[in-house]
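Undergrad: Sharing a model that was predicted from the sequence below.
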Amino acid sequence: MAQKIAVIDYGMGNLRSVSKAVEHVAGDAQVRVTDDPGFIANADRVVFPGQGAARECMAAIGKHHLNQAVLHAAKGKPFLGICMGLQVLMGHSEENDGTELLNLLPGKVQRFDGLATGDSGLPLKIPHMGWSPIRQLRTHALWHGIPDHSRFYFVHSYRVVPDDVSLIAATADYGVRFTAAIERDNLFATQFHPEKSADVGLRLLKNFVNWGV
Amino acid sequence: MGLAKRIIPCLDVDAGRVVKGVRFVDIRDAGDPVEVARRYNDEGADEITFLDITATAHERDTIVHVVEQVASEVFIPLTVGGGIRTAGDVLRMLDAGADKVAINSAAVANPEFVREVTDRFGSQCIVVAIDAKQVDDHWEIFTHGGRKPTGIDAVTWARRMVEFGAGEILLTSMDRDGTKAGFDNRLNHAVAKAVSVPLIASGGVGNLQHLVDGVQQGGADAVLAASIFHFATYSIGEAKRFMAHQGVEVRL
């Protein structure tokens, strides 16, 4: 039977790109953009995207009654967080004068300070927007076929700082070295947007679709 | 290695068709935005911008279908501009698969519109497009394709739009647009220095050195060009290799 993939929709941002990219690599899988906890609970895999501000994301997750569905999926089946879908898994964000997050992964979310200088001599622009190379810190099924130092597309003003640095699966540099991806058991989450990262991004999504935890 | 400077081909779309002549010998229908976008993606474009220049209201929906089709096949960031006047317009484009929406005249008519849509959809998907022309010793913004003066200082305006939440500035020199004489890098640098968000330089690219100059002299984070890519004068890949050779970090 074709596998079911849930793309969690809590009303924050453009999920069309994510679902189209997953469909593109998922063969005959059923890909559904959904806020239905039942579908999420029954799905074989879950993608958790998100854009926008931390507090609004948390409020939207609450409003859609998805806290438990997200936490349950993130502990029990192949789970891919993307961008805000990585950040809200942490404990606490500096955004909006401090926002409590889902606290699945102890750690915090901090703003890029904007003090570093870029090669033009001007301060680094915030958001960090565009294609940065990532350093894979370990082998992982989701890196399969993706050369180390490949460039992925980022757009974010905040970065995650996990308490347990051994969870970091990749880093990138933008004024500081920051977490580009985290992995733990069945969970993988990226600060970058695989759905917007051309061939390497599609490869990562394909690896996720085939990932046997 | 760090963040790459972005190369962004821009397509003018009129009633669902690419205009301003795209000349690729090896694509079947050079007026088809999907084919052209696919081609640019294959060549290594970092993003693609669609500018909807459709004049008649009843053909406006065609850009939505264009974005839907492109977003199903091309997995790099897509920006759509032209005729975006309401939050509903922004939502339609995002729902169709656009990642960013560029707002120009509507921001000038009502700056609060920028705050409204960045609050609702997030700064990351709102680009404010600015058309600027030199007037005496500074630059002023013009609307309606550069025909209508506003008397507003371009640098001040860019800064204000960022305060209102713009996630990126797309800056076009109306003095250089279409001239192939290169960017107005004094303008670019003045704006790049004034704002904390990324700057896309536009208007006047005629050769590959101009792209390099936009980054090195103008301080741009991304460079946008139309005709040098449409007429296949240079491929995106050639442009990137040239830029890399000149010391600009690009995604190869």
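TA: Yes, it's here.

Undergrad: Just give the number of residues close to residue 14.
TA: The chain I'm using is chain A. Using other Cβ atoms under 10 Å in any protein chain shown, residue A:14 has 24 other residues around it. In short, each C-beta sits where N, CA and C put it, glycine included.

Undergrad: Chain B, not that one
TA: Neighbours around residue B:14, by other Cβ under 10 Å: 19.

Undergrad: What separation do you get for it and residue B:191?
TA: 29 Å (Cβ to Cβ, to the nearest Å).

Undergrad: for residue A:17, same thing?
TA: The spacing between residue A:17 and residue B:191, counted by Cβ to Cβ, is 29 Å.

Undergrad: cool, residue B:117 as well?
TA: Using Cβ to Cβ, which is the criterion applied here, residue B:117 is 21 Å from residue B:191.

Undergrad: what about stretch B:10-18, average pLDDT?
TA: Across stretch B:10-18, pLDDT averages out at 91.

Undergrad: first vs last residue of it, how far apart are they?
TA: End-to-end distance for stretch B:10-18, by Cα to Cα, to the nearest Å: 10 Å.

Undergrad: buried set for it?
TA: B:10-18 (16 or more other Cβ atoms under 10 Å in any protein chain shown).

Undergrad: cool, stretch A:170-182 as well?
TA: Buried residues in stretch A:170-182, defined by neighbour count with 16+ other Cβ under 10 Å: A:170-175, A:178-182.

Undergrad: which residues sit against that stretch?
TA: Residues lying outside stretch A:170-182 but in contact with it, judged by Cβ atoms under 8 Å, 6 or more residues apart in numbering or on different chains, are A:81, A:86, A:89, A:105, A:112-116, A:124, A:128, A:132-137, A:142-143, A:152, A:154, A:159-162, A:167-169, A:188-192, B:1-3.

Undergrad: Can you say which of those residues are buried?
TA: Restricting the contacts of stretch A:170-182 to buried positions leaves A:81, A:86, A:89, A:105, A:112, A:124, A:128, A:132-134, A:136-137, A:142-143, A:152, A:154, A:159-160, A:162, A:167-169, A:188-192, B:3, with burial counted as 16+ other Cβ under 10 Å.

Undergrad: What about the residue nearest to residue B:95 when sequence neighbours are not counted, how many residues nearby?
TA: For residue B:95, ignoring the flanking residues on the chain, the nearest one in space by Cβ to Cβ, 6 or more residues apart in numbering or on different chains is residue A:16 at 6.2 Å. Burial of residue A:16 is recorded as 21 neighbouring residues (other Cβ under 10 Å).

Undergrad: my guess is residue A:16 meets residue B:71, correct?
TA: Yes. With contact defined as Cβ atoms under 8 Å, residue A:16 and residue B:71 form a contacting pair (6.5 Å).

Undergrad: The buried residues of stretch A:170-182: which two are farthest apart?
TA: Comparing every pair within the buried residues of stretch A:170-182 by Cβ to Cβ identifies A:175 and A:182 as the most remote, at 20.0 Å.

Undergrad: interface residues of chain A facing chain B?
TA: Chain A has residues A:13-14, A:16-17, A:20-21, A:24, A:51-53, A:114, A:118-123, A:125-133, A:149, A:151, A:153, A:155-156, A:173-174, A:195-198, A:201-202 near chain B, with proximity defined as Cβ under 8 Å from any Cβ of the partner chain.

Undergrad: and residue 149, which of the three is it?
TA: Assuming you mean chain A. Under the three-state scheme (DSSP: H, G, I helix; E, B strand; the rest coil), the conformation of residue A:149 reads as coil.

Undergrad: wait, I meant chain B there
TA: Following three-state DSSP, the label given to residue B:149 is strand.

Undergrad: Any idea what it is bridged to?
TA: residue B:142 (DSSP bridges).

Undergrad: For chain A, see how far away it is.
TA: From residue B:149 across to chain A, the span is 29 Å (Cβ to the nearest Cβ, to the nearest Å).

Undergrad: hang on, that residue packs against residue B:142?
TA: Yes. Taking contact to mean Cβ under 8 Å, the distance of 5.6 Å between residue B:149 and residue B:142 places them in contact.

Undergrad: list residues touching both of the two?
TA: With contacts taken as Cβ under 8 Å, 6+ apart, residue B:149 and residue B:142 have residue B:133 as neighbours in common.

Undergrad: Those two: who's more crowded?
TA: Neighbours per residue (other Cβ under 10 Å) separate residue B:149 from residue B:142, with residue B:142 holding more: 24 against 13.

Undergrad: Now do that one against chain A, distance only.
TA: Computed with Cβ to the nearest Cβ, the distance linking residue B:142 and chain A is 25 Å.

Undergrad: and if you look at residue B:132?
TA: When Cβ to the nearest Cβ is applied, the distance between residue B:132 and chain A equals 19 Å.

Undergrad: Would you confirm that that residue belongs to a helix?
TA: No. Counting by three-state DSSP, residue B:132 is not found in a helix; it is strand.

Undergrad: Of the buried ones among the contacts of stretch A:170-182, which belong to helices?
TA: residue A:86 (DSSP state H).

Undergrad: Show me what the longest strand anywhere in chain A pairs with in its sheet, parallel or antiparallel.
TA: Across chain A, the longest stretch assigned as strand under DSSP state E is strand A:176-184. For strand A:176-184, the paired strands and their directions (DSSP bridges) are strand A:168-174 (antiparallel), strand A:187-190 (antiparallel).

Undergrad: In CSV: those, plus mean pLDDT and distance to residue B:171.
TA: Output for the strands paired with strand A:176-184, formatted as CSV (pLDDT from 0 to 100; distance: least, Cβ to Cβ, whole Å):
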stretch, mean pLDDT, distance to residue B:171
strand A:168-174, 97, 22
strand A:187-190, 98, 31
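
Undergrad: Looking at the ones you listed, which is nearest to residue B:38?
TA: Residue B:38 sits nearest to strand A:187-190 of all these, at 25.0 Å, using Cβ to Cβ.

Undergrad: For that closest one, output the C-alpha coordinates as CSV.
TA: Coordinates of each C-alpha in strand A:187-190 appear next as CSV, following Å, rounded to 0.1, in the frame of the first residue of the first chain:
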residue,chain,number,x,y,z
LEU,A,187,13.7,13.1,14.0
PHE,A,188,15.5,15.3,11.5
ALA,A,189,15.1,19.0,11.3
THR,A,190,16.7,21.6,9.1
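
Undergrad: Since that was my last question, I'll sign off now.
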